[in-house]
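> prediction below, plus the sequence it came from.
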Amino acid sequence: MKVDGGSKPKKQSLRERLFGSRKDRRVSRSKTIVKIKTVGEIPPITETRKALGDGNTKLAVVNAFKYAKDDFMRFFGISTTKAETNRQFLIRCLGDLGIKVPEIGYIDNYAIMDSMNEFVLHDDQKAERLNALKKLTSFYLEYYERTKYGDDWSPDPETII
């Protein structure tokens, strides 16, 4: 078989048959740049670590709760009033999820913890909020109140806050 010019067509090599000729290949390169903000770069955590490093556990615990509460409120769109204490805020948030905390919960930590532990959530959409609220409430009851209102109480140095 002859082509118009009178020469035979070039036989394709095995590589060209499998992968195509180099002239047909179009090269496209893309780069993805991912910037990761590590835990050490977040200002509230940096301040808390600095306070712990300086031996000021009270300031570290108080600030850690304040920042965690602010993040919780911002993420879930919750607001608080100036007259509302932290305990009242937590009990109100638990009530919004359907967790009934008895009146004694305003003075008894165990009543709040028992109410949270006995509650079974059937709505998956609120599960994330409930888990965050449980962690915030536990931190408040175990560390914040003791540190802020206790005389010289501070967590065990081996405990990771």
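Structure's in. What do you need? As the structure is a prediction and not an experimental result, all values here were calculated from the model.
> all contacts plus neighbour counts: C-alpha atoms, from now on.
Fine.
> in the chain, which helix is the longest?
helix 57-76 (DSSP state H).
> tell me what whichever helix or strand comes after it is packed against?
For helix 57-76, the following helix or strand on the C-terminal side (DSSP states H and E) is helix 86-96. Counting contacts by 3 or more C-alpha pairs under 8 Å, 6 or more residues apart in numbering; DSSP states H and E, helix 86-96 is packed against helix 127-139.
> any idea of the angle the helix it packs on forms with helix 57-76?
160 degrees (axes from the mean of the first three to the mean of the last three C-alpha atoms, to 10 degrees).
> what distance separates helix 127-139 from the centre of its chain?
Helix 127-139 has its C-alpha centroid displaced from the chain centroid by 11 Å (C-alpha atoms, centre = their mean, to the nearest Å).
> which other residues reach that helix?
Contact with helix 127-139 is made by 65, 68, 69, 72, 76, 90, 93, 94, 97, 113, 116, 121, as judged by C-alpha atoms under 8 Å, 6 or more residues apart in numbering.
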